[in-house]
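*Asks:* quick check, what structure comes out for this input:
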Amino acid sequence: MESILGELKAAMKEQNPKKSAELTTKALEAGADPLDLLSKVVNFSKELTEKSWWSGGAEEKQQASESEALMLSDLIMIGECLKASADLLKPALKSQGKKVENTGTIVIGTIEGDVHDIGKSLVNTLYESAGYTVKDIGTDVPARKYAVEAKRWKADIVGISISMAPCKATLPLVIKELQKLGLRHNVKIIDGGQSSYLSDVEKYGIDAHGLDASDALTKTDELMRILKEERVKGEVK
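*Replies:* Numbers count the residues shown, from 1 in each chain. All right, here's what the predicted structure looks like:
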């Protein structure tokens, strides 16, 4: 089994979705537990993308050396490998009466005036494979819509993708709209994208910034942990 897992990780590194799917099937046929295998595949993708940067963020994260750096196309293909494996594992889980625990619900969209969605789609793949329910509300999303959709889906996390700097003016408006609907205390906000930065947390009052796809998942996991603790303590309802 360790040999198969090693080959699977190598296939993802080679950015070969077809081979990733074949090795996932091989692992299942060899008796791998689907839930455990899904967890390993997600971790493989995180390890492979940890030196990349989905959101730019050059001011906070030292750029990897040229030989280590991943281009956006690399991130997309690793995401496709992850999806190819996950698409096989989820039916396997269902057939065994198992299910991936719902980690939390995320409403995510690209901010108003911005129609970029490649980075957002990549992060969505990671989120879904990690057990999150993802409600992608598209691109060019007005501030009000983030709040309305967060209420509709009882979101835990609101994700905001920002690839165009002029569109950033909408970010504080999203917070205001969440406050108007009485939701701000009960959701966490994370941003990411080429024109978002770690300084957004302090400057705009959001809860986290994802430096890249892998970091976005790590930060979101931490936000969910904090939110659950706050709910247990009765700090939020």
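
*Asks:* let's verify Gly6: helix, strand, or coil?
*Replies:* Assigned by DSSP: H, G, I helix; E, B strand; the rest coil, the conformation of Gly6 is helix.

*Asks:* determine the longest strand present in the protein.
*Replies:* In the chain, taking DSSP state E as the definition, the longest strand is strand 104-110.

*Asks:* show me the shaky parts of the protein.
*Replies:* Within the chain, the ranges that satisfy pLDDT under 70 run 50-70, 72, 94, 96-101, 235-237.

*Asks:* and the most centrally placed residue in it, what element?
*Replies:* For the chain, the residue sitting closest to the mean C-alpha position, by Cα atoms, centre = their mean, is Val123 at 3.5 Å. Here Val123 sits within helix 118-129, counting by DSSP states H and E.

*Asks:* check which residues of that helix are buried.
*Replies:* Residues of helix 118-129 classed as buried by neighbour count (16 or more other Cβ atoms under 10 Å): 119-120, 122-129. Yep, even glycine has a C-beta here, placed from its N, CA and C like the rest.

*Asks:* for Ala32, see how far away the residue nearest to the centre of the chain is.
*Replies:* 26 Å (Cβ to Cβ, to the nearest Å).

*Asks:* looking at this protein, which helix is longest?
*Replies:* The helix that spans the most residues within the chain, counting by DSSP state H, is helix 72-95.

*Asks:* just give me how far it sits from the chain centre.
*Replies:* 13 Å (Cα atoms, centre = their mean, to the nearest Å).

*Asks:* roughly how far does Ile78 sit from Phe44?
*Replies:* Taking Cβ to Cβ as the measure, Ile78 and Phe44 are separated by 9 Å.

*Asks:* more crowded one of the two?
*Replies:* More crowded of Ile78 and Phe44, by other Cβ atoms under 10 Å: Ile78, with 28 against 22.

*Asks:* any idea how far Val42 is from that one?
*Replies:* Distance, Ile78 to Val42, using Cβ to Cβ: 11 Å.

*Asks:* repeat that for Leu171.
*Replies:* As judged by Cβ to Cβ, Leu171 and Val42 stand 29 Å apart.

*Asks:* okay, the angle between the longest helix of the chain and helix 118-129?
*Replies:* If you take axes from the mean of the first three to the mean of the last three Cα atoms, to 10 degrees, helix 72-95 sits at 20 degrees to helix 118-129.

*Asks:* the helix holding Val123 packs against which elements?
*Replies:* Helices and strands touching helix 118-129, as assessed by 3 or more Cβ pairs under 8 Å, 6 or more residues apart in numbering; DSSP states H and E, comprise helix 34-49, helix 72-95, strand 104-110, strand 132-136, strand 157-161, helix 213-232.
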